[in-house]
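Novice: Can you look at this prediction? I've put the sequence above it.
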Amino acid sequence: MNMNATLILQSIAMMVFVWFCMKFIWPPVLKAMDERRTRIADGLAASDRAEKALEEANQEVEEQIKTARDKAHEIVEQANQRHSQILDQAKEDAMGERQRQVAAGEAEIVQSTNQAREELRGTVASLAVLGARQILEKEIDEDTHRELLDKLIAEI
Amino acid sequence: MASGHEAPTSGEYIQHHLQNLTFGQHPDGSWGIAHGAQEAAAMGFWAFHVDTLVWSLVLGVIFYFMFRNIAKKANSGVPSRFQAIIESIIEFVDNSVKDSFHGTSRLIAPLALTLFVWIFFMNLMDLIPVDWLPFVASSAGVAYQKVVPTTDVNATMGMAITVFVLILVYSIRYKGVKGFLGELVMNPLNPQQLGMPKVVWPLVMAFNLILETVSLLAKPVSLGLRLFGNMYAGELIFILIALVFTAGSGIVGAGLSSIFGEHIPWWFWAMAMLAVFATLWLNLKGKLDNKKTLWFVFAELLLVGGLAFLGGQLMHFGWAVFHILVITLQAFIFMMLTIVYLSMATEHH
């Protein structure tokens, strides 16, 4: 347990180790730790910000959904209105068309009736003439009895 | 027990364990290793404790590479587990320094870290069973081996002296030579403030100088001797415990001595260790549940040496557990006091 020069060598060894530590260990580790600390702080701040942003976004989304829903409602309403409008219009058009068609049909009927009547008249006239001719056997002259015949025709 | 030829007496055993491997100049002028305490003492100041130096250097290098390894890989990303441990140690030291040292210094934090970890490692050697390394050394032909550098007063005082030099350097750097000397002679009785007549000033100043010099010198001495004393005492108790149950004499050793006689063969210890190791290994591998393991270990301990061995092991275990606290605490105290002393050196008071 005697004191000797080990003292001096130990002292030197300590200085060398301290120097090593000061030069090669402390600065890089501390730097890394400080960097990590800032990174973590940044990360936490960023996450806070993100959370806030998310909340805001959520609110905005809700608002947008609400407007969209209102708009959709409105559009549906409009569509419904338009629908009934179109329906009414269509009904009206259909009615008009029907009347037109009916009128046209009636007119055609009248026309064909008239035509048929005219034809019938002609046919009856010639039939009458034919019948009369056969009865009278050439006694009746067509030209002389023209007036009579026309009278007959008008009567039919 | 270092030599297997003759069983040393308890006194010889203890002395052998407390003797450093000393290299120096014999009185006849030749250089060599001292054989025994007298020869070592005869070498005077210019001798070296080879074991202390080698072990402290080895531990210092382990410290350096352990931390350097991390320092090289250090980045601000996710740390590995080992990196986290190293960083928490560094953070702990950094906080201690920030709490106690109010100046700015590039040196003081690395200094504190080095002292803390290095001294802790040196103290940790105390937990290696006291006979292992000396036994290996004596098998290799080295007669003496004291493996705990901090149980050598030269190692602790060597570090304390470096700290003392730093105290002086810091004092002078922060206060100037004049300020430092002024502090030495004008404290604690300041003749100027006390309004003493000029005649008695030299007397008061001389008185102050004596007081302050003592308190200044007390710093390194207490720093070095505190660590040394604690570790030396702890080592001694380990040696005594080892002595009690390897000497195989007396009441506690009776169980084994009755089987093997005075000398318990080495293979007996080897087998006992192997058995315990195997049991614990099986437990770690999951082949043995905890309850069974405990019973097996207990049975093995009983089998190995009866209550005598158990007693010795328990004492050793108990003291080792307590010593874990001591070694950490002593390393911390050395670091803390270094910081505080240097802090005091930078502040005016």
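Specialist: Nice, thanks for sending it over.

Novice: Is the closest residue to chain B within chain A in a helix, a strand, or coil?
Specialist: Closest approach of chain A to chain B (C-beta to the nearest C-beta) occurs at residue A:10, with a separation of 3.0 Å. For glycine as for every other residue, the C-beta is placed from the backbone atoms N, C-alpha and C. Here residue A:10 is helix, with the state taken from DSSP: H, G, I helix; E, B strand; the rest coil.

Novice: What sits closest to it if chain neighbours are left out?
Specialist: residue B:158 (3.0 Å; C-beta to C-beta, 6 or more residues apart in numbering or on different chains).

Novice: what's near enough to touch the one you found?
Specialist: A:6, A:7, A:8, A:9, A:10, A:11, A:13, A:14, B:224 (C-beta atoms under 8 Å, 6 or more residues apart in numbering or on different chains).

Novice: any idea which element the second one lies in?
Specialist: When secondary structure is defined using DSSP states H and E, the element that contains residue A:7 is helix A:6-20.

Novice: How many neighbouring residues does residue B:318 have?
Specialist: When counting by other C-beta atoms under 10 Å in any protein chain shown, one arrives at 11 neighbours for residue B:318.

Novice: quick one on the thing from earlier: from the contacts of residue B:158, list the buried ones, please.
Specialist: By neighbour count, with 16 or more other C-beta atoms under 10 Å in any protein chain shown, the contacts of residue B:158 hold A:6, A:7, A:9, A:10, A:11, A:13, A:14, B:224 as buried.

Novice: Would you confirm that the first one contacts residue B:45?
Specialist: No. In this structure, residue A:6 sits apart from residue B:45 without contact. The criterion is C-beta atoms under 8 Å, and the distance is 9.9 Å.

Novice: Could you provide the contacts of residue B:158 in CSV, with additional columns for distance to residue B:339?
Specialist: Converted to CSV, the contacts of residue B:158 look like this (distance: C-beta to C-beta, whole Å):
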residue, distance to residue B:339
A:6, 25
A:7, 22
A:8, 24
A:9, 25
A:10, 20
A:11, 19
A:13, 20
A:14, 15
B:224, 16
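
Novice: Let me see the contact set for the residue of chain A closest to chain B.
Specialist: Counting by C-beta under 8 Å, 6+ apart, residue A:10 touches B:52, B:53, B:56, B:149, B:154, B:155, B:158, B:159.

Novice: related to what we said a few turns ago, would the residue nearest to residue A:10 count as being in a helix?
Specialist: Yes. Assigned with three-state DSSP, residue B:158 falls within a helix.

Novice: Return the distance of it relative to residue A:9.
Specialist: Computed as C-beta to C-beta, to the nearest Å, the residue B:158 to residue A:9 distance reads 7 Å.

Novice: same thing with residue A:115?
Specialist: With distances taken as C-beta to C-beta, residue A:115 is found 146 Å from residue A:9.

Novice: Could you do residue B:106 as well?
Specialist: Taken as C-beta to C-beta, the span from residue B:106 to residue A:9 is 26 Å.

Novice: For stretch A:59-72, what is the distance to the chain centroid?
Specialist: Distance, stretch centre to chain centre, for stretch A:59-72: 20 Å (C-alpha atoms, centre = their mean, to the nearest Å).

Novice: Over to stretch B:62-78?
Specialist: 25 Å.

Novice: I'd like the average pLDDT over that stretch.
Specialist: For stretch B:62-78, mean pLDDT rounds to 89.

Novice: what residues does that stretch touch?
Specialist: Residues outside stretch B:62-78 that contact it (C-beta under 8 Å, 6+ apart) are A:17, A:20-21, A:24-26, A:28-29, A:31-33, A:35-36, A:38-39, B:80, B:82-83, B:86-87, B:90, B:113-114, B:117-118, B:121.

Novice: Distance of the most far-flung residue of chain B relative to its centre relative to chain A?
Specialist: For chain B, the largest distance from the centre (C-alpha atoms, centre = their mean) belongs to residue B:197, which lies 51.1 Å off. Distance, residue B:197 to chain A, using C-beta to the nearest C-beta, to the nearest Å: 45 Å.

Novice: Done for today, thanks.
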